[in-house]
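Undergrad: A predicted structure for the sequence below; I have some questions about it.
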Amino acid sequence: MNCKQFNSIKLEEVLASLGHLPTKQNEKEAWYLNPFGTETQASFKVDKKLNLWYLHSEGIGGNNIDFMMKYQNNSAKEVLEWAEKQNFSSFQPQNDIHLKNSIPNYQITEIKELQNENLKNYLYQRGLSQNVYSFIKEVHFTIRDKKLYAIGFENLSGGWELRNSFYKGSLLKKDISVINLNNENHEKNKNVVVFEGFLDALSFVEMKRFFKGDLLVMNSISLLNKTKDYLQNYSEINLFLDNDIAGESCKNEILKSFPEAKDHSKIYFPHKDLNDYLLSRIQIKNENRQQQTREEQQQNSHTFKRRR
């Protein structure tokens, strides 16, 4: 990742990853409490269109690189090394989908039921079986004439979250996703479970196959306000957000608006998210099975020796 690429990432998402959420915002700008210090009134403004920040209390501002250099007290090189390790949903390493004044250099060529064995194997490696196939699609697309395919998870605006073993990104408009699970009468459904990413939602499906209600996937913490607006439709809210700084901040913001919501993150602590927890359960189960097999083999061996 270079400076231009990092500066193209939404600053709102960078701030959210560090646990900073806006105190107020509109379509043009978002206001935050000073991320470099303490204050009671927000003086840190993000211009959403320009993707630039300005701290009124100190009279300074700049782009993403400028912000992180001051925030971490690091060089630009160290900031980029940090950014490489993050999973920013608005960063598309294989394309520049949102280039201004340009024709999109991507195209979705086919959407179909999951068939590709490589994608099925990827899901298997994430602890997911054919029980989740009905909630996803196999999406084929091109970026700069390069043909790619990935597991696709559709959002409410017809956009797609895409994953395979080497690619993480999204195409078309970013939005939340909602799955109606085991409940044909969607209009009367008042129970919802909230996740940050769709792999966590699919992990929930894997572990709670008979749950009845809606699964809401934020797809990005930057969609927190959209999430809170949608949650007004439910009387029972269950939170399965990530055990990290951003997830904690997001959880607290939702609980401020919905005090009756239930936080379930302790169930899978110290794991970062529900998918990591699922993988650990599978690993423990496999280790126990292997241990049992070894013990049975040893017992059979001792029995055979006594007979001799």
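TA: Structure's in. What do you need? Residues are numbered from 1 along each chain as shown.
Undergrad: Need the distance between the two termini of stretch 253-273.
TA: 18 Å (CA to CA, to the nearest Å).
Undergrad: Please identify the buried residues of it?
TA: The neighbour-count check on stretch 253-273 (16 or more other CB atoms under 10 Å) flags Glu253, Ile254, Phe258, Ala261, Asp263, Ser265, Tyr268, His271, Asp273 as buried. The C-beta positions use only the backbone N, C-alpha and C, and glycine is treated the same way.
Undergrad: Gln115: helix or strand, and which one exactly?
TA: Using DSSP states H and E, Gln115 maps to neither a helix nor a strand.
Undergrad: I'd like to know how far it sits from Lys137.
TA: Per CB to CB, to the nearest Å, Gln115 is found 10 Å from Lys137.
Undergrad: Among those two, which residue is more densely surrounded?
TA: With neighbours defined as other CB atoms under 10 Å, Gln115 and Lys137 compare such that Lys137 has more, 18 against 9.
Undergrad: does the more buried one have beta-bridge partners, and which?
TA: Assessed by DSSP bridges, Lys137 has beta-bridge partners Gly152.
Undergrad: For Leu33, which residues are in contact?
TA: Neighbouring residues of Leu33 by CB atoms under 8 Å, 6 or more residues apart in numbering: His20, Thr23, Glu39, Thr40, Gln41, Ala42, Ser43, Phe44.
Undergrad: which among the residues you listed end up buried?
TA: His20, Ala42, Phe44.
Undergrad: how's the chain carved up into domains?
TA: According to automatic domain parsing, the chain comprises the domains 3-84, 106-171, 176-308.
Undergrad: Just the buried positions in stretch 213-227, please.
TA: So, applying 16+ other CB under 10 Å, buried residues of stretch 213-227: 213-224, 226-227.
Undergrad: actually stretch 50-65, not the one I typed
TA: Under 16+ other CB under 10 Å, the buried positions of stretch 50-65 are Asn51, Leu52, Trp53, Leu55, Gly61, Asn63, Asn64, Ile65.
Undergrad: what's the closest of the residues you listed to Glu110?
TA: Asn51 (32.8 Å; CB to CB).
Undergrad: Next, work out how far apart the closest one and Trp160 are.
TA: 23 Å.
Undergrad: what does Thr227 give?
TA: 18 Å.
Undergrad: for Asn233, same thing?
TA: From Asn233 across to Trp160, the span is 24 Å (CB to CB).
Undergrad: Repeat that for Asp273.
TA: 21 Å.
Undergrad: sorry, back to before: name the residue in Asn233 and Trp160 with the higher neighbour count.
TA: Comparing Asn233 with Trp160 by other CB under 10 Å, the one with more neighbours is Trp160, at 25 against 13.
Undergrad: right, and that one touches Glu154 too?
TA: Yes. Using CB atoms under 8 Å, Trp160 makes contact with Glu154 at a distance of 5.8 Å.
Undergrad: and the longest helix seen in the chain, how far from the chain's centre?
TA: Counting residues, the longest helix in the chain under DSSP state H turns out to be helix 274-307. Remark: helix 274-307 is offset 34 Å from the chain centroid, using CA atoms, centre = their mean, to the nearest Å.
Undergrad: Mind giving me the packing neighbours of it?
TA: When contacts are defined as 3 or more CB pairs under 8 Å, 6 or more residues apart in numbering; DSSP states H and E, helix 274-307 packs onto helix 198-207.
Undergrad: For the following helix or strand past the helix it packs on, the averaged confidence score.
TA: Where DSSP H and E defines the elements, the next helix or strand beyond helix 198-207 is strand 213-217. What strand 213-217 shows for mean pLDDT is 95.
Undergrad: Restricting to C-alpha, output the helix or strand that strand 213-217 is followed by in CSV.
TA: For strand 213-217, the following helix or strand on the C-terminal side (DSSP H and E) is helix 224-231. Extracted in CSV, the C-alpha atoms of helix 224-231 (Å, rounded to 0.1, in the frame of the first residue of the first chain):
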residue,chain,number,x,y,z
LEU,A,224,-23.3,2.4,12.3
ASN,A,225,-25.9,5.1,11.8
LYS,A,226,-27.7,3.1,9.1
THR,A,227,-27.6,0.1,11.4
LYS,A,228,-29.1,2.0,14.3
ASP,A,229,-31.9,3.4,12.1
TYR,A,230,-32.7,-0.2,11.0
LEU,A,231,-32.6,-1.6,14.5
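Undergrad: pLDDT on helix 224-231, on average?
TA: Here helix 224-231 scores 93 as its mean pLDDT.
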